[in-house]
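In: next input, structure requested:
(8 chains)
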Protein chains: 8
Amino acid sequence: MPAPWVFIIIGSDSDAKAMDAACAALDEFGVAYEMIVASAHRSPERAKQAIANAENNGAAVFIAAAGMAAHLPGVVASFTTKPVIGVPLASGSLQGLDSLYAIVQMPPGIPVATVAIGGARNAGILAVQILATSDEALAAKLRESRVTMAAAVAEKSKNVERSTR
Amino acid sequence: MPAPWVFIIIGSDSDAKAMDAACAALDEFGVAYEMIVASAHRSPERAKQAIANAENNGAAVFIAAAGMAAHLPGVVASFTTKPVIGVPLASGSLQGLDSLYAIVQMPPGIPVATVAIGGARNAGILAVQILATSDEALAAKLRESRVTMAAAVAEKSKNVERSTR
Amino acid sequence: MPAPWVFIIIGSDSDAKAMDAACAALDEFGVAYEMIVASAHRSPERAKQAIANAENNGAAVFIAAAGMAAHLPGVVASFTTKPVIGVPLASGSLQGLDSLYAIVQMPPGIPVATVAIGGARNAGILAVQILATSDEALAAKLRESRVTMAAAVAEKSKNVERSTR
Amino acid sequence: MPAPWVFIIIGSDSDAKAMDAACAALDEFGVAYEMIVASAHRSPERAKQAIANAENNGAAVFIAAAGMAAHLPGVVASFTTKPVIGVPLASGSLQGLDSLYAIVQMPPGIPVATVAIGGARNAGILAVQILATSDEALAAKLRESRVTMAAAVAEKSKNVERSTR
Amino acid sequence: MPAPWVFIIIGSDSDAKAMDAACAALDEFGVAYEMIVASAHRSPERAKQAIANAENNGAAVFIAAAGMAAHLPGVVASFTTKPVIGVPLASGSLQGLDSLYAIVQMPPGIPVATVAIGGARNAGILAVQILATSDEALAAKLRESRVTMAAAVAEKSKNVERSTR
Amino acid sequence: MPAPWVFIIIGSDSDAKAMDAACAALDEFGVAYEMIVASAHRSPERAKQAIANAENNGAAVFIAAAGMAAHLPGVVASFTTKPVIGVPLASGSLQGLDSLYAIVQMPPGIPVATVAIGGARNAGILAVQILATSDEALAAKLRESRVTMAAAVAEKSKNVERSTR
Amino acid sequence: MPAPWVFIIIGSDSDAKAMDAACAALDEFGVAYEMIVASAHRSPERAKQAIANAENNGAAVFIAAAGMAAHLPGVVASFTTKPVIGVPLASGSLQGLDSLYAIVQMPPGIPVATVAIGGARNAGILAVQILATSDEALAAKLRESRVTMAAAVAEKSKNVERSTR
Amino acid sequence: MPAPWVFIIIGSDSDAKAMDAACAALDEFGVAYEMIVASAHRSPERAKQAIANAENNGAAVFIAAAGMAAHLPGVVASFTTKPVIGVPLASGSLQGLDSLYAIVQMPPGIPVATVAIGGARNAGILAVQILATSDEALAAKLRESRVTMAAAVAEKSKNVERSTR
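Out: A predicted model of the protein is given here:
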């Protein structure tokens, strides 16, 4: 059986750059992924079919990112029972407040696991955490990364520490 | 050819009461309508099919109402090129601010004609105005209703007018 | 009988640029329009007369755009029973939240079909959709444009697709 | 010459109660007023004529109160060069935030002197302060009322003062 | 090996009722769980130890719910690399906007999968979806529940459907 | 008796530029003014004395402008019974929303006539309108300026008008 | 030398009830206090004198609470260099968001230590913490109270704990 | 006994620059401090230990600054009973509104003394004010600094004062 992978769907090609950090996080942990553009509004059929195909081909977690009236994550969630991670993107006047509300305030029955506005890296890490619930090697990598992260904090601190005592 | 009619879709049966005022407005102007429940998230196929059937059967304007991460109006708009009127409903902690943003902030290409939070009556009137662009009898009724409305303001004013001059 | 056309009113000459996308959309669909400046506050008489003239000369849909305490769309709606599309523009500190509220929160009786903050293109498309309710040729163009739109999504996707599977 | 008076316009008869405090303030200072209902949207002609009549008959200050997309104060201000005081009223889901923005964010050229959401009493006092700029007797009453107000604070304080020293 | 289970942590005993819907969802899908109170602020040591114990005893997913400056989900996420689901609760003047921001806006590195304000049921379902990524029987139940959900929409629709065509 | 004049108080010297438009408006109408810096927080005594001196020397209207927790207009209003116009200035992260709330939401008894965020020009015009309640020459200038304003709208319109009819 | 004490100033007698929790906290720790009403706007002189008297009589920390455009804490801070704790109170349509901004967004130079909207108990505890920086007995009581607090969490947890493992 | 000092903790090395103004304020008053980086989420153990060490070594006041879901001040407050000053930093789309809510809305029992978004200088001054409650020399410096501050206002005023009287 092939390893489970992550399917990333973005609402517009202009959102691709904002998702670099999600791809980078998945790369760091050696988790495979695919990313395509499929607008919930301009190409609803394409979105639906891509989700079905991905699920049939072993996609285990979905990440959907969109701005403004960001329906894409909810639409993805309506077509799969796999965990769906939503990334609100900041664009236009409301700077992501609109996409945050449109993603996180899902009605009972169809959850979307929402991360911060522009929180692409955390979307990637959360996908890894979900896959790691049944992959001890991945879980170990996550624990190691926390140790590294804590060490990095201590290391970076040295550059800015001050004392007048 | 049968008269064009209005198709009202609500995201939950609990939203029906909030749409009474839309139905009443359509009744006042003698415009036919149908109303059903079809959740964008819990029953996406049903929603899609209902929209296609309605369009095939002469629905000329759509009204979609929903609360929270209100994707329904946008989903309806993604499946039809008829005018879609969106009604944000207030429910939950954000009191309709979430549904307003999720409905009005549609990306370029797929408009939703948004009315006020809970603005069911105006959704009905706007549907009448749209149909009246090609129905002079209906247009005349709209003009008369404005005269009535202005007279009602003057009449109601009498009950609360005060003067100390 | 001349073809119905769209009357675009903006609150200030500085708003003209923001409405280019509305004009472009109308041009794409071959719908005629006129655009003038008529402030609701600084030139209320001019606004009222322009609306009356336009309606007498066959304007079938109105688009009104304004920023800040954006009363123009509501004022237009108070002087015509034709469908009025409101475009909130972002200007000043509140970045369009003020104009959104001032346009969308119309009281019962006088609707304004509100689009996104800065949503000029969708205002143009919505006007086309309204006219298309009685113009099958226009309706066909709208359906074709959706096919083109969906194809464009698929095409643009290719530029940013990634896969590590 | 008759004494200058204050013209209060409200957008709906349901707003009358909310303006009791404005009337009471004017009564306290012996300033005459008239109050009528004249919706900016449902009865624009009535509003315009009432404003013109009032100005011709010596109205020196206008108070306009409305809820939601509260255009009435701005519309009043567009028809008179007298000072216009705007009172945002809380109604509906946005609880007056919509009316506050729609009243206070007036574009350059046409000011509205905005008071707090539901700030009817302060609207009345502000009108008195404006009239008092040319009425020394009224100005003296205002100064006295401040003394009374300060005394009332001290008096009421006694009921709730606590000390554990 | 015992079945993986869900650990629910709430910031205050007064939050227990709000989490009934999460427990009910887990019960429906036959997923085991434990729920305790452990304030991030008033009992940080207890929280930390409970998280460590739970992880050692097979907890696979964490759900943390809190109101106001809701740090609990983030604190849980800082002590485990398992997926953490955050539920913002509405309490006090800001009605859950504070807890939403405090939970969803996590900095890069430590994700919290955020659901709607008061979205306890979706927290439960999301936990099931995560466990179902490696449990086909659970995945099948989720797919069935969607069929049931869609049927329920159609059934409930009948009670409120209207037609004047 | 010398002509009544307008006293402008700003909370910081960095606010001076933002008030240019108020000064310009007063200059246009030939209304005299003085402007000083007097922080409500950093120099409360100076503020109080300046207000008292100004009132004794014939200041008839006060304009106070400040950003952030903008207490200055309220503090001015607590020391005079003359009309006080408050100008919220945008500075810092909240972009004037903080100063708007801190100025407009005055409690009953002490009104501040609030204009838009950054609405310095309207503050100046409002001051003129207030003085014009007892100065017919000034009132006539205001009426003329409206005619000029309306003409300017028509003139500027020509630069951006478009027609495809 | 008498023990340092806490001076509580509230903007209105109607705010007294909201401050019960502050008094209770001070009582628990045996810290003396006085509470009076002194409006920043309606009685500025009284406020100023009360602050000066309190400081002369050994007040070491000030707590000021107010709603709406809550200037009182900032005004207190402008008249003393003692630490000033501000408590935003929820009243009126904006439910404390206005008072929060008006208290916390103080400009550089004059800090106000702001607690949550309605956070009277924390205002009391913070005052104790400040006094405890130079009072080891008080500091010990604070440490004990934390132990008690943590134990209470564990105790209350028992009433709502659930387990289906 | 060594002089009490202030411990500044920031959530990321990128926050160091934003805290320069806090350090500068402490330097002005001759109050010693240390500053380190210790993320509440990425290095919770480091944060906890640093707090304990600092308290053991005489830290009397804590300042914690963070952006987004800013838990650091609350986490610091959960580990010490010393006064904790929280500085919300603006970063990302919500521009500090998220960090403000996440810091100021602390639940009863564990206060954080919150200053303005980006209010580093006031955090420093507040720390000085707290230490000055038991250090008369420091208290005297604070009083002097107020005199200087007021004089600076008067001095700077001269550069921007205008008069047309």
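
In: the strand ranked longest in chain A packs against which elements?
Out: Counting by DSSP state E, the longest strand found in chain A is strand A:59-67. Applying 3 or more C-beta pairs under 8 Å, 6 or more residues apart in numbering or on different chains; DSSP states H and E, one finds that strand A:59-67 makes contact with strand A:5-10, helix A:72-79, strand A:84-89, helix A:97-104, helix A:120-132. (Each C-beta comes from the backbone N, C-alpha and C, glycine too.)

In: can you tell me what sits against the third one?
Out: Contact with strand A:84-89 is made by A:15, A:18-19, A:22, A:61-67, A:70, A:72-74, A:76-77, A:96, A:99-100, A:102-104, A:111-120, A:123, A:126-127, E:113, as judged by C-beta atoms under 8 Å, 6 or more residues apart in numbering or on different chains.

In: ok, and does stretch A:135-144 reach over to chain E?
Out: Yes: using C-beta under 8 Å from any C-beta of the partner chain, stretch A:135-144 reaches chain E at A:139, A:142, A:143.

In: out of these, name the ones that lie in helices.
Out: Judged by DSSP state H, those include A:139, A:142, A:143 as members of helices.

In: need those in CSV with neighbour count and distance to residue H:134, can you?
Out: Listed next are those as CSV, based on neighbours: other C-beta atoms under 10 Å in any protein chain shown; distance: C-beta to C-beta, whole Å:
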residue, neighbour count, distance to residue H:134
A:139, 18, 51
A:142, 18, 48
A:143, 12, 46
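
In: turn those residues into TSV, columns for pLDDT and distance to residue B:3.
Out: Shown next, in TSV, are those (pLDDT from 0 to 100; distance: C-beta to C-beta, whole Å):
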residue	pLDDT	distance to residue B:3
A:139	98	63
A:142	98	62
A:143	98	67
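
In: what parts of chain A come near chain C?
Out: Looking at chain C, the residues of chain A close enough under C-beta under 8 Å from any C-beta are A:2, A:5, A:10, A:12-13, A:16, A:23, A:26-27, A:32-39, A:42-43, A:45-46, A:68-69, A:92-95.

In: which among those residues end up buried?
Out: A:5, A:10, A:12-13, A:16, A:23, A:26, A:32-39, A:42-43, A:46, A:68-69, A:92-95 (16 or more other C-beta atoms under 10 Å in any protein chain shown).

In: so which of these are also by chain H?
Out: Contacts with chain H within those, counted by C-beta under 8 Å from any C-beta: residue A:95.

In: centroid residue for chain A?
Out: Centroid-nearest residue in chain A: residue A:123, 2.8 Å away (criterion: C-alpha atoms, centre = their mean).

In: wait, doesn't that residue sit right on residue A:62?
Out: No: if you go by C-beta atoms under 8 Å, residue A:123 and residue A:62 don't touch, sitting 10.2 Å apart.

In: follow-up on the earlier one: how near is the residue nearest to the centre of chain A to chain G?
Out: 30 Å (C-beta to the nearest C-beta, to the nearest Å).

In: OK, contacts around that residue?
Out: A:22, A:25, A:63, A:65, A:85, A:87, A:115, E:111.

In: which residues touch the residue nearest to residue A:133 when sequence neighbours are not counted?
Out: Residue nearest to residue A:133 in three dimensions, not counting chain neighbours: residue E:60, with 4.9 Å by C-beta to C-beta, 6 or more residues apart in numbering or on different chains. Under the criterion of C-beta under 8 Å, 6+ apart, the contact list for residue E:60 reads A:133, E:4, E:5, E:6, E:82, E:130, E:131.

In: surely the fifth one meets residue E:63?
Out: No: the pair residue E:82 and residue E:63 fails to qualify as a contact (C-beta under 8 Å) at a distance of 10.8 Å.

In: okay, residue A:8 and chain B: tell me how far apart.
Out: Residue A:8 is 19 Å from chain B, by C-beta to the nearest C-beta.

In: wait, doesn't that residue sit right on residue A:19?
Out: Yes: Residue A:8 is within contact range of residue A:19, at 6.2 Å (criterion: C-beta under 8 Å).
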